[in-house]
Structures are given as structure tokens and as C-alpha cells.
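*Asks:* please work out how this folds:
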Amino acid sequence: MKTTLRSLALIIAIAAPCALAHAETPPRPNVLMIAVDDLNHWVGYLGRNPQTKTPHIDALAARGVAFTHSYCAAPACNPSRAALLSGLRPSTTGVYGNDDDWRQVIPKELTLPTIFRKAGYYVAGAGKIYHEAYARREEWDDYLQNEGKDPKPRGNKGVGGIRFAPLDCDDDDLREARIVNYGIDQLRKKHDKPFLLTIGLHKPHMPWNVPRKYYDMHPLNEIKLPPTIDDDLADIPSAGVKMARAFGDQRRILESGRWKEAVQGYLAAVSYSDAMIGRLLKALDESPYRDNTIICFWGDHGWSLGEKEHWRKFALWEEPTRAPLIWVVPKLTKPGAVCERPIDFMTIYPTLTDLCGIQTPSHVEGKSIRRLLAQPDAAWDEPAVSTQEFGNHAVRTDRWRYIRYADGGEELYDEKSDPYEWKNVARDPNEAAVMPQLNSRLPDKQKADLNKSGSTRRKADKGKGRSPT
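*Replies:* Model (predicted):
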């Protein structure tokens, strides 16, 4: 018997290398990451606003798994993107605002592009991936160096800081077209290594200046305002009222009588971005990489257009924190799948490494949602958590939104019965039992603001610092 076993072991040892030599190693998937700036949940497939026209984004959602309740780590460009690409929450790094230089505390060795490069991927990109004030291009093998500038409109350009106006120009005259052209060129090239291609669109970030034909797609006489109620801030704690800044943008919009025009401008900018996304997806479908490329599509945070007397992002309610998330993963996701589990964008980093066979670094704070991609109704007990400045957090479950401010103020909304968050039930004794459970899901770490100079928005309002938008 011993002789037989030794002989069998010898045969296996000799045969194994031959078998391996003839076996094909499965190719690692490519990744096309599409990031869209200031894109809230006004996209067709989510149904939040029936006026929106996003046929290409809707078609992408129909190809894979569309998440209906996906949320940013922070409702501002810089902290949202720094968290997503580093795997570290704002409360861990202290990167809370648009004036916080995240590069001081997040070494490039920790970031998603670097991890993919170390794993043998070719990493290329264009447009807005990090907040442009603190870009770190050396994380990529190649990056579009000059995307150019957009033409400026003539005449009235908006209301105060809410800027919108149609342009008499072609699609290709805007920098979005040049960003997408870079992506198309990359998809037409022959790549000897798997690639991570990151394409970041600026629109619908303000100014909402896009070709006139996109304004014409949303006639002003057909525009409907978002649902609101009078005195919506009456039951909101002082910290929330301060974030709303109703006496800023909202007051100016109401005094101008141009609320519908602003909504039209945002819808037009969203439709323009959708057209650019359609061009990029068409190039992927026509490329040899179609069947082996993961598509990860996300908006960096939401945007308010008067809901809760608030404009822009920079707040913790549903409108400024909710943004689209779509995954298409060859041989894993099923067309037309919908996942209603609440998740946040801290899941993107670990999910990409998981899907691509790359070890997820130990510092990453999010969890992979691979099982939700395969089975959208699978169990998932992680809430979505968003942070706005130091000590202010929102926890979103399938039923509840709980907000706790640094000064102890609280808000609680039953999203099933109150999807526009008109009634704060934090003081309702009938809901007292749920509050401690939600409070326990707040981030454990509370690092001081890296900038230590307060809100980016307050500084910008005083004419200092970078634009808060």
C-alpha cells in the first residue's frame, strides 16, 4: 500500500505542472468606474422625480443591480470622495469639508487606485475623481492633463450662488465631452493588463450651464417644484436649522420667483450628463472589453433644491445624502435586479477589491456587498452612515433616518410613512425604543476637523477660502 501511495504521489507531482501549463488562468476583470458630481436621486429608474430624463443611466440600471437606497459618506465633494477612495470615514481622518487637504492624512499607499496598481492593474482616469483642489494624479498611470474649460453664458446667470443658464453651443464644447473622449480612447486601445478606468463628470455640479437643447427637454411651463410644506424647519433642532440656511439660498430663490427655472437648470444638467454617459457606455459595448468589465456607477452625494427650505448639499437629510449606485458585474449580477438594502459608499472600495481578487487592506472600514450583487434580497444588517462636519451624523436603515448633531440635537424620521421627512418624531414617546438602537450605530471615532477652521460654507460666505460648491 505504501508503495502504491508513493507511486501515486509521484505521478500527481509530475502531472500537476503539465495540467497547470494547459489550464487557462481566468482573466481578471477590468473596471469602469463612472463618478458623477452632485447627482442626486433625480434619475429615472429611482422614480423620485418623474420630470427627470435619464435614458442612458436607466438603461445601465437595467443591465445590473440598481441600489434604491445608497448614501454618501459625507454630503460634500471632498470628504465624500476622500472617504470612498481611501476606505476611511471622515470621522476617522478628520476630513470633513472641501477645504481639508486629505493628502496630509491619507498616504497614497492606502488608496484604491494605488492598491489596484500594485495588484498589476493599469490605472487611468479623467475628470473629477478626487476633489480637484486636492487631486493626486500620481496615483494613476495616466490621467487626462487638460480637460479645458466650459463656455460661459450670456445674460442672467442665476440667483445668487445658484447658477444656471442655457448655452448656445454644441455638446462637444463642454469639458465633459473631452473627459468622455478620453475614456472612449482608452476603451479603443489594446491593453496588455487589466485596467481600472475612472471617469468623473462634473455636471450636474453648478453652474448648470449646458447646451440649450437640454433646457428645451424640460419646458419651463411643465416644471413642477419638489414637494414641500410650510414651516418645515419648525420641529428641527437649532443645528439642523443652521445647516438648512433657509435665509440664504432659499430666501433669495423665493424673492426672485425663479424656483422653477433653477429646477429646470438642474434637470437640464442631469440630462446633459446622461447623454455623455451614454456615449461612454456605447464605446464600452463596442469594445473587446464589454464582457469582462465591471461597471461601478455612483454620484458623490445628493443635492437639495428647496426641500426642507434647503439648497445644495451640506446637510444630513435624505435629499443631500442619497445618490445613485449601479453595479454591473459579468457572470454575477442579473439584468434588472434591484436592491433595496440601505448601504453607503464605504462599500465600494472593498467590493471592487473583492470582485477583482485583490486582498482588501486592513484599514478599509466598509464591507463588501458582493453577496447583495449576487442576491439583492440577501440579509444585510449594516446601516448607511453619513457625516457632515465634526460630530454630526445620520444613520439610515430601511425604515428610519436618525440624525444626531454634535450639540446633542436629534431628528428621527419614519421613511416608510414620511419619505420627504416632514415630521421629526425624535420626541415622540412611541418611538423612544428605536433611538438607542440607532444611536449605537454612530461612528465610534470622532477625529477633530483636519482644517480646524469650521465650515467651508461659512468661510466661503465671508469671501474666504475655496468655493463651497
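*Asks:* pLDDT below threshold where in the stretch 1-150 of the chain?
*Replies:* Applying pLDDT under 70 to the stretch 1-150 of the chain flags residues 1-26.
*Asks:* same thing but at 50, please
*Replies:* 1-25 (pLDDT under 50).
*Asks:* now swap in the stretch 351-469 of the chain and tell me
*Replies:* In the stretch 351-469 of the chain (pLDDT under 50), the answer is 453-468.
*Asks:* which SSE is Glu411 in?
*Replies:* Element membership for Glu411, per DSSP states H and E: strand 410-414.
*Asks:* can you list contacts of that strand?
*Replies:* 236-237, 240, 318, 399-404, 421, 423-426, 428, 431, 434-435, 438 (Cβ atoms under 8 Å, 6 or more residues apart in numbering). For every residue, glycine as well, the C-beta is placed using N, CA and C.
*Asks:* buried ones from the residues you listed, can you make that a PyMOL selection?
*Replies:* To isolate the buried ones among those in PyMOL, judged by 16 or more other Cβ atoms under 10 Å, type:
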select buried, resi 236+237+240+318+400+401+402+403+404+421+424+425+426+434+435+438
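*Asks:* so which of the contacts of strand 410-414 are in helices?
*Replies:* Using DSSP state H, the subset of the contacts of strand 410-414 located in helices is 240, 318, 434-435, 438.
*Asks:* just curious, which of those is nearest to Thr54?
*Replies:* Nearest to Thr54 among the ones in helices among the contacts of strand 410-414 is Glu318, at 19.1 Å by Cβ to Cβ.
*Asks:* residue contacts, the closest one?
*Replies:* 302, 396, 401, 413, 415, 419-421.
*Asks:* filter these to the buried ones?
*Replies:* 302, 396, 401, 413, 415, 420-421.
*Asks:* could I get these as a markdown table with distance to Asp285?
*Replies:* Shown next, in a markdown table, are the buried ones among the contacts of Glu318 (distance: Cβ to Cβ, whole Å):
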| residue | distance to Asp285 |
| --- | --- |
| Gly302 | 29 |
| Arg396 | 34 |
| Arg401 | 38 |
| Tyr413 | 41 |
| Glu415 | 36 |
| Tyr420 | 37 |
| Glu421 | 39 |
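*Asks:* closest one to Phe314 out of these, please.
*Replies:* The closest of the buried ones among the contacts of Glu318, once distances to Phe314 are taken by Cβ to Cβ, is Gly302, at 10.6 Å.
*Asks:* the closest one reaches Asp37, doesn't it?
*Replies:* No. Using Cβ atoms under 8 Å, Gly302 is not in contact with Asp37, being 11.6 Å away.
*Asks:* count the neighbours of the closest residue to Leu84 other than its chain neighbours for me.
*Replies:* Here the nearest residue to Leu84 in space, its sequence neighbours aside, is Phe345; by Cβ to Cβ, 6 or more residues apart in numbering that works out to 4.9 Å. Residues within reach of Phe345, counting by other Cβ atoms under 10 Å, total 25.
*Asks:* got it, and Pro113?
*Replies:* Other residues near Pro113 number 25, with proximity taken as other Cβ under 10 Å.
*Asks:* what ranges does the stretch 101-250 of the chain have for its strands?
*Replies:* Secondary structure of the stretch 101-250 of the chain (DSSP state E, counting those that start in this stretch): strands located at 122-127, 142-143, 158-159, 162-163, 195-201.
*Asks:* out of these, nearest to Asp185?
*Replies:* strand 122-127 (9.5 Å).
*Asks:* give me the buried positions along the closest one.
*Replies:* 122-127.
*Asks:* burial count for the residue nearest to Asn156 when sequence neighbours are not counted?
*Replies:* Spatial nearest neighbour of Asn156, chain neighbours left out: Ala165 (6.6 Å); criterion: Cβ to Cβ, 6+ apart. Ala165 is flanked by 20 other residues according to other Cβ under 10 Å.
*Asks:* per-residue pLDDT, Ala165?
*Replies:* In this model, Ala165 is scored at 98, pLDDT.
*Asks:* and if you look at the one 3 residues further on?
*Replies:* According to the per-residue confidence, Asp168 scores 97 in pLDDT.
*Asks:* contacting residues for the closest residue to it other than its chain neighbours?
*Replies:* Spatial nearest neighbour of Asp168, excluding adjacent residues (Cβ to Cβ, 6+ apart): Arg212 at 5.9 Å. Contacts of Arg212 were listed using Cβ under 8 Å, 6+ apart, and they are 166-168.
*Asks:* quick one: the strands in the stretch 301-450 of the chain?
*Replies:* Going by DSSP E, counting those that start in this stretch, the stretch 301-450 of the chain shows strands at 304-305, 311-312, 325-328, 337-339, 343-344, 384-387, 393-396, 400-404, 410-414.
*Asks:* of those, which approaches Asp141 most closely?
*Replies:* strand 325-328 (23.7 Å).
*Asks:* mind saving the C-alpha coords of the closest one as PDB?
*Replies:* C-alpha atoms of strand 325-328 as PDB (Å, rounded to 0.1, in the frame of the first residue of the first chain):
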ATOM      1  CA  LEU A 325     -25.400  53.500  -7.200                       C
ATOM      2  CA  ILE A 326     -25.400  50.900 -10.000                       C
ATOM      3  CA  TRP A 327     -23.200  47.800 -10.400                       C
ATOM      4  CA  VAL A 328     -22.800  45.600 -13.500                       C
END
